[in-house]
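Peer 1: Structure for this input, please:
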Amino acid sequence: MKRANESVEDDEIESEDKPGAIRIILADSQAIYRVGIRKIFALEDDLRVVAQAESVDNLFAAVERFPSDVVLLEGGMLSGTYDVIPKVLQLAPQVKIIVQAAQSEESSTVEMYRRGVRGVISRAISPDLLVKCVRKIAHGETWIDNQSVNMVIEAYRSQAATLVNPRSQPKLSAKEMAIIACITQGKRNKEIAYQLGTSDQVVKNYLRKIYDKLGVGDRLELALYCLHNKVIQSDEAESSQGVSPR
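Peer 2: This is a model prediction of the structure:
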């Protein structure tokens, strides 16, 4: 007998064993979409639906219960708030989130990417493009269409205009400057940690402090701030290799 509060029912789990396949959680309030998308993925040898969820609470439970690579999330389940996205990533940091939106708006699209979504796609996407999107995102890429690209560019142009307004320059330590120099060179946390002889967690801790000091929200905003305010000079960037943030 199934429990009333069970997040994912047994008949909603893909029974076919596909070793090494991309594991997917379908989170959609509409059963017809879940059934249709599951049938699309069932035709692919490298895609496997491990769970389905019809509500946000069920999604959280499914993410905790079933190891997964991708969450395909109905945009309508966000209900005007994007707190669902960081919550899912907190429960499963390795998972990649794709949002299926009925329509794209600049503010919502940009905010979803900022919160950690790897792709925003239309509910009317073709089956072949959906499969291609899932595969690319599962392997670490970001899926962004031309319309979304324009939205993101315009949002960051607006952000850059705000960042160039004159204001007092926060004081940054030599350690923070070293990490900022690495960020402006496009290095990831692991690369920065290796270069500076420290750990990923130390780098993350410093980045949080830097974001707070400069009033930016992510790496791209940090790079824009440094570019427009000339925080990092070329000689400083080169000297960062000899500074340890420990």
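
Peer 1: Show me the chain divided up by domain.
Peer 2: With domains defined by automatic domain parsing, the chain comprises 10-145, 174-242.

Peer 1: pLDDT on the last one, on average?
Peer 2: To tie it back to what came earlier, the one meant is domain 174-242. Taken as a whole, domain 174-242 has a mean pLDDT of 79.

Peer 1: For that domain, what is the distance to the chain centroid?
Peer 2: In terms of Cα atoms, centre = their mean, to the nearest Å, the centre of domain 174-242 is set 20 Å apart from its chain centre.

Peer 1: again, but for the longest one
Peer 2: When distances are taken as Cα atoms, centre = their mean, domain 10-145 is centred 12 Å away from the chain's centroid.

Peer 1: Would you format the domains of the chain as CSV with mean neighbour count included?
Peer 2: Where you see a C-beta, it was placed from the backbone N, CA and C, and this is true even at glycine. Conversion of the domains of the chain to CSV gives the following (neighbours: other Cβ atoms under 10 Å):
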stretch, mean neighbour count
domain 10-145, 17
domain 174-242, 16
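
Peer 1: that's a helix at residue 19, yeah?
Peer 2: No: under DSSP: H, G, I helix; E, B strand; the rest coil, residue 19 sits outside any helix and is assigned coil.

Peer 1: tell me the pLDDT at it?
Peer 2: Predicted confidence (pLDDT) at residue 19: the value is 73.

Peer 1: what's the distance between it and residue 51?
Peer 2: Using Cβ to Cβ, to the nearest Å, we find residue 19 at a distance of 18 Å from residue 51.

Peer 1: How about residue 199?
Peer 2: Taken as Cβ to Cβ, the span from residue 199 to residue 51 is 33 Å.

Peer 1: just checking, residue 225 is part of a strand?
Peer 2: No: secondary structure of residue 225 (three-state DSSP): helix, not part of a strand.

Peer 1: isn't it right next to residue 216, touching?
Peer 2: Yes: proximity of residue 225 to residue 216 meets the contact threshold set by Cβ atoms under 8 Å, at 5.4 Å.

Peer 1: For the closest residue in space to residue 74 that isn't next to it in sequence, grab phi and psi.
Peer 2: If the residues on either side of it in the chain are set aside, residue 74 comes closest to residue 28, at 4.2 Å by Cβ to Cβ, 6 or more residues apart in numbering. Residue 28 has phi and psi values of phi -150, psi 130 when expressed as degrees, to the nearest 10.

Peer 1: Is it correct that residue 28 is in contact with residue 77?
Peer 2: Yes: proximity of residue 28 to residue 77 meets the contact threshold set by Cβ under 8 Å, at 7.4 Å.

Peer 1: What ranges does this protein have for its helices?
Peer 2: Counting by DSSP state H, the chain has helices at residues 31-42, 56-65, 84-91, 106-115, 127-138, 146-163, 174-184, 189-196, 200-214, 219-229, 234-239.
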